[in-house]
Structures are given as C-alpha cells and as structure tokens.
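K.L.:
what shape does this take:
(chains A, B, C and D)
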Protein chains: 2
Amino acid sequence: MTSMKAIRRFKVQQPKSLVTIVEERLRKAIIDAEMRFGEALSEDALSSALGVSRTPVREALARLQLQGLVTIVPKKGTFVFAPTAEDVAELCTFRFMLETNALRECLATAREATLDGMTGAIAAMDAAQASGTRHDYARADTGFHEVFFLHCGNRYLGNAYRSVSGRVAALRTHLSVPLEGEQARSMSEHRLMVEAFANGRLADLDGILRQHILRARDAYGDVLRRASAG
Amino acid sequence: MTSMKAIRRFKVQQPKSLVTIVEERLRKAIIDAEMRFGEALSEDALSSALGVSRTPVREALARLQLQGLVTIVPKKGTFVFAPTAEDVAELCTFRFMLETNALRECLATAREATLDGMTGAIAAMDAAQASGTRHDYARADTGFHEVFFLHCGNRYLGNAYRSVSGRVAALRTHLSVPLEGEQARSMSEHRLMVEAFANGRLADLDGILRQHILRARDAYGDVLRRASAG
DNA sequence: CAATCTCCGTCTGTATGCAAGATACAGAAC
DNA sequence: GTTCTGTATCTTGCATACAGACGGAGATTG
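P.N.:
Just a heads-up that it's a prediction; the model follows:
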C-alpha cells in the first residue's frame, strides 16, 4: 500500500520503563546533591517513596552501581558513593585521558560540528554565570565536556565517559569548591580551549585540558581531605 | 574474648550470589562461543535450565547488557550481541587507546611487576600453542592484555577495559580467524612488546601495540563482512 | 560497671504470580 | 490467491511474598 510510508511517521515512542524512570530520578538526586555522600538508601523506603515496587528500584540501583554512583554492600544495604581523595585523583586522570582522545578524534573528523557544540555550551555557561544558580553553571559545564563525546564518532569512548560522568557531575555539585575566582577561571579556560580547537592547535589543547582537569582534581582532593580531617 | 581477632581471619569469603553465578556462567557461555551471535535467550528457558528462578537470571542479563554481551529488546527478548564491522573497528580503536595509556602507567610506576606478569602470560601462551586448544590460546592472550590493567594503578582504566574485554574475548573465540600463520604472528608481536617494554622504549611499544590491535581489527572486520555477505 | 549473649527489627536475596505487549499463524473475507 | 484480522502463545515488566542475614538494643552474667 502506498500510504504505508506516510503512516510510519506516526510511530510513537514507547513509554520509558519504570526502571529507567527510577534510575534517572535517583541519578538526578545524587548528582544534584539532594543526598549526601555515603547516605544509606533502603530499597523499601525508596520503593514506597517513589510509589513503585522494589523490583524496578532494585534494578535501577544495580545500574547506578555500574555508573559508580552508589555502592551496594551485599546483605547490608546500598549507599551513595563516597569518594576518597585517591578516587578523585584516579578519576580525573582517567577523564583527562578520555577527553584528550575524544578531542583528537573530533578535530580530525567533525571539526565544524564540535566547534558549534562548544560555542553553544559556552553560551549556556555565560547565561548561567550571569543569572543562574551554581547548579545551572555546573550543568552547563557538564554539557561542554559532553560535546566532545557526541562528535568523537566512537561509541565506546562515549560510553566510557558516561560511566564516569555521573561521578564527575556529582563531585562538581557536592564539593561546591569555595574558591571565589573559580568560575571565572573555569570560564576563561573553556574559552581558551575553544580557541585552540578552532585553530587546530592540538598540543595547546592538550595542555589546557590537562591543566583544567588536574586543577579540578587538586581542588576536589583538598576539599575531600579537609572534610575527612575535620 | 581475646581470641576473636584471631578467629576473624578464618572468615570465609561469603558464597557468591545466584546473580553472580548466573552472570558468570552466561558470560562464559557467550565468550566461549557456546552460543552464536544474535541467538535468542529466554529468561524462562534459562531459569529452568539453570535451576533458579527468573529473578537472578533477569538481573544477570541486565548486567551482561551493561557489558555489551547481550542486547535486551523490550517486550521481545534478549539476544547474544551481534557485532558489526563498524562496531569492531570502534571497539579496537578504543581498546588501543586504553592499552596504550595503561602501558604508559605501568612503565612509569610498576615496571618490574608488569614485566613479570607479561613473561608469565607469554609462557602460558607458549604452553597453549604447544599442546592446548585454540580456546586455551585465546584465554592466554586475554590474560596477557589484562596484565597491563592489573598494574596500571588506575581503577577506572581497569574498569573501562573490563567493560569491553568481554566483547573482545568473544570476538577472539567466535571469529577464529582462519589465517594459518595467525597464532605465530600474534606470538611474535607479543614477544616484541615484552622486549620493548623491558627496554623502556615507549614509542616502539605504542607502534607494536597499534599494529597488533589494528591488524586484529581488520581481520575481524573481514570475517564479519564475509559472514554478513555470505 | 563492663563484657557478652540473645533476641528482634530491618534489610536484602530469591521465588512466584499476574498483566500487558509482540509475534506468528490460521481462518475469514474479498 | 491475496490480504486482513483475530487469537494463541510467546516474551518481558512489575508486584508481592517469604526466608535468611546482619546489626543493634536490651538482658544477663562476671
């Protein structure tokens, strides 16, 4: 029948499963610091709070564990992840590696699209800095770094990043680094990265990125050490 | 009682959960090519075959999906993953990136231990080549590459590798590359890598590794293209 | 008063039951 | 003969029920 092609356009997106909904809700709760590091999560409490049965909650928690956002201790309970300074250091090192490689790919195969994405993210950060909350800025920051993986053309690279991006985002919001000049400094570094990328200066890009991420690493490490000491 | 501290040392590792057992069993079945790419897996059939209820089976399948070993299609079923040539290419590229970085870390911080591990793995490969099955050789090969991540000192790097190692291992056994000289060539490349590592020649190491992995990529790609064409 | 034992509440791990979507096939209508 | 439709039977998604493990409060004993 000739009208079939037209009909196909009506295909509806099937509703998200409860597992997905719960997962996203909890993910947001953890990342946006609605819960504290190490806080206990009872499957029972969550299921009644969210109005679903324990089954999807349980499955969602399992997924979050794979993303490193919660820690499941057999027979004891599930807890919001609690990073140590070492954790953060390794995490940042790893992140630097992923981003460097993603950027290299972007520069080689999707220069225009990546540049567009970056400038768009910068605009969002500007807006957030001007009028938004700190959370808005953090979200925009996250978005900036995600651009690389959207255009890098390697799904595995993107998956690997996604498997740690939750933790990175959570660190950003939980440890609202108290340094005053922090946002301004972050912004200027992001701008520098866009510029280096536009000019195809890969070495510069690596340097800025390294500095950007490793500085974050030290800042987070300091805050954590202070927290565990005090 | 003062003897409690001594008694604690006898604590036995608690029995694995059913989920873990099922997961490992299925993982092995997929990796060792007991099932074919794309084959359907029914929760019901699996649960009765394994003698457990559907719950742990379901959870295990969810985990395997996160490792990329199965694909879950809502309301339709679960299937053994079915890689395309593109998949394989991206996978190998990613793998090269991870291994390169891991090796760099090993060379910098755990030279001796890594070298020991590599030579041990080489010995296992020799043994497998002399008298073992092709599966034995594949397992030893997998072991060789795992050494890097054992000693690289970055858990995230190791996790990322583990999240794709299943697929890599499955490719190795499923696509038993028919080229005759393959094993010998692979062996010699591994030996070259050990040598370059021992001498600290990082650039050489990168080159060999790149060649080693990218050649595997092309070989797998060929087999897959031929399979999908024929 | 301190150390230890015991019991109980709470948690997770697993089994099972039920509902709803997807597919394949048989049969009816043209 | 071809196409459509209804149904039978698969599949998963989710809810609930039950049992075993862990941890803490209180009882018990030195």
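K.L.:
quick check: domain ranges of chain A?
P.N.:
The record's domain split for chain A, according to automatic domain parsing, is A:18-80, A:85-229.
K.L.:
so which of the ones you listed comes closest to DNA strand D?
P.N.:
Evaluated with Cβ to the nearest atom of the strand, the domains of chain A place domain A:18-80 nearest to DNA strand D, the distance being 2.9 Å. Quick note: C-beta positions are derived from backbone N, CA and C, even for glycine.
K.L.:
average model confidence for that closest one?
P.N.:
Averaged across domain A:18-80, the pLDDT comes to 93.
K.L.:
near chain B at all, that domain?
P.N.:
Yes: on the criterion Cβ under 8 Å from any Cβ of the partner chain, domain A:18-80 is in touch with chain B at A:58, A:59, A:62, A:63, A:66, A:74, A:75.
K.L.:
which ones are touching the spatially most central residue of chain A?
P.N.:
Central residue of chain A (Cα atoms, centre = their mean): residue A:165, 3.2 Å from the mean position. If a contact means Cβ atoms under 8 Å, 6 or more residues apart in numbering or on different chains, then residue A:165 has A:142, A:145, A:146 as its contacts.
K.L.:
who touches stretch A:88-104?
P.N.:
A:83, A:145, A:148-149, A:152, A:154, A:157-158, A:160-161, A:164, A:167-168, A:171, A:197, A:202, A:205-206, A:209-210, A:213-214, A:216-217, A:220-221, A:224, B:97, B:101, B:153-157, B:160.
K.L.:
which ones among these map onto helices?
P.N.:
Members of the contacts of stretch A:88-104 lying in helices (criterion: DSSP state H): A:145, A:148-149, A:157-158, A:160-161, A:164, A:167-168, A:171, A:197, A:202, A:205-206, A:209-210, A:213-214, A:216-217, A:220-221, A:224, B:97, B:101, B:155-157, B:160.
K.L.:
please pick the buried ones from those.
P.N.:
Among the ones in helices among the contacts of stretch A:88-104, those scoring as buried are A:145, A:148-149, A:157-158, A:160-161, A:164, A:167-168, A:171, A:197, A:205-206, A:209, A:213, A:216-217, A:220-221, A:224, B:97, B:101, B:156-157, B:160 (criterion: 16 or more other Cβ atoms under 10 Å in any protein chain shown).
K.L.:
any idea which helix or strand comes after the least confident helix or strand in chain A by mean pLDDT?
P.N.:
Least confident element among the helices and strands of chain A, by mean pLDDT, DSSP states H and E: helix A:4-8 (a mean of 44). Next along the chain after helix A:4-8, taking DSSP states H and E as the criterion, comes helix A:18-31.
K.L.:
run through the neighbouring helices and strands of the helix or strand following that next one.
P.N.:
Counting by DSSP H and E, the element after helix A:18-31 in chain order, helix or strand, is strand A:40-41. For strand A:40-41, the elements it packs on are strand A:77-80, judged by 3 or more Cβ pairs under 8 Å, 6 or more residues apart in numbering or on different chains; DSSP states H and E.
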